[in-house]
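Asks: just to be clear, the model below is a prediction. Sequence and coordinates:
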Amino acid sequence: TNIIRTPPSGYAGLEYLTDKLARGLYAKGHQLAMVAPEGSMLPEGIEHIVTGYRENEEESWKRYAPRLEEGWDCIVDASWGKWAHINSLGRDPQLPIISWCHTAADLYTSPPPVRYPMMVGVSQDHAERISRHLGISCRYCYNGVDTAFYHPDPSVSRGSRLLFMGRYTPEKGVLEAIYLAKKLRIGLDLYGDLEIISDQGYAQRCLAEADGKLIRAQGPISREKTVECYQKAAAMVFPVAWAEPFGLVVPEANACGCAVVVLSRGAMPELIEHGKSGFLCHTLEEMEDVLRKDLVKTIKPEDCVAQAQKFSIDKFCDNWEHLIEKVVQGERW
């Protein structure tokens, strides 16, 4: 389920992944339909269940709810509100719905009110946190990156500036990245979403810290532009201030041969091989030490690429196909 057109014109991680999954499953020979707004461009062969562009999830659900009566083998609900479960209440057997979760484990105060919530996180750490928070079983499928699209370019020389890529929100550690760069007098380029954020005041504080020279801050950019940024950055810094469920920018950067220096929270230990594709730091002081000593120069681009291959789109689609097939065959959790 998307409320932004598919494929997204900008970055839009969730919409990017749902689009990739639909196309990947179709390429494997599966018949499927996708709920997406008018104006979306899907391959011929994928049925398009049309909703309004950028309407809220409840309005979208009302549009496609009647279609849930048609006896699908399985539904993957990537929405925030998990509205598809409403149609399964009172059914015996219940409509098999997999709840694909993308954000903080504590977003929900309770699991979907069905016998088998079948929630799926985007990393092992994420699934474990959901399980503990809601008291239910939760599985996981890693997100994926297109390692053909995200790739190194040997003709591009890496510069001396650091990179931050992500939404301008406190949990992403934007101000921490800025303060580190200022303290060390290392140039930093920031790119991120300014719309899907909870605190505009925080975003404006981040932008105000930029002087256009040492610290350069911009809004969202296209995926094509992100590739260029990853290819030329000295390293990417990602001082996350929460239990990051996945962090798509990390394997994206690695796929472009770019080392990543992170705070070891959430899924970061699952994404980074310490000392080979980046550095897992437990404090900002550790991050500062890594950057001051310029340890990122010890990271080989080919090792970064090899690490990113563990999270390729092909593996992402394979894992989801395997999970969906088990549900269709009757497995529940």
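Replies: Great, that's in hand.
Asks: hang on, isn't C206 packed against T169?
Replies: No. At 9.3 Å, C206 and T169 do not qualify as touching, with contact defined as C-beta atoms under 8 Å. Where C-beta positions appear, they are placed from N, C-alpha and C, glycine not excepted.
Asks: those two: which has the busier surroundings?
Replies: Residue environment comparison for C206 versus T169 gives the larger neighbour count to C206, 23 against 20, counting by other C-beta atoms under 10 Å.
Asks: for whatever helix or strand the more buried one lives in, the averaged confidence score.
Replies: C206 is located in helix 200-208, with elements delineated by DSSP states H and E. Model confidence over helix 200-208 averages 95 on the pLDDT scale.
Asks: repeat for stretch 164-175
Replies: If you average the pLDDT values across stretch 164-175, you get 96.
Asks: equivalent analysis for stretch 268-286, please.
Replies: 98.
Asks: kindly check the end-to-end length of it for me.
Replies: Criterion C-alpha to C-alpha, to the nearest Å; first-to-last residue distance in stretch 268-286 is 15 Å.
Asks: what's in contact with that stretch?
Replies: Applying C-beta atoms under 8 Å, 6 or more residues apart in numbering, the contact partners of stretch 268-286 are 123-125, 142, 176, 180, 235, 238-240, 244, 246-247, 250-251, 254, 259-264, 287, 290, 295-296, 298-300, 303-304, 306-308, 311.
Asks: at 7 Å instead, please
Replies: Outside of stretch 268-286, the residues that reach it under the criterion C-beta atoms under 7 Å, 6 or more residues apart in numbering are 123-125, 176, 180, 239-240, 244, 247, 250-251, 254, 259-264, 287, 290, 295, 299, 303-304, 307.
Asks: now the strands for the stretch 151-300 of the chain?
Replies: For the stretch 151-300 of the chain, applying DSSP state E, counting those that start in this stretch gives strands covering 162-165, 188-191, 215-218, 235-238, 260-263, 278-281.
Asks: got the CA positions of the fourth one in CSV?
Replies: Put plainly, it is strand 235-238. Once side chains and other backbone atoms are set aside, the C-alpha atoms of strand 235-238 remain, and they are given as CSV (Å, rounded to 0.1, in the frame of the first residue of the first chain):
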residue,chain,number,x,y,z
ALA,A,235,32.9,8.9,4.4
MET,A,236,29.3,9.0,5.6
VAL,A,237,28.6,9.8,9.2
PHE,A,238,25.4,8.5,10.8
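Asks: and the next helix or strand past the helix or strand of the chain with the lowest mean pLDDT?
Replies: Ranking every helix and strand in the chain by mean pLDDT, DSSP states H and E puts helix 57-64 at the bottom, with a mean of 77. The element immediately downstream of helix 57-64 (helix or strand, assigned by DSSP H and E) is strand 75-77.
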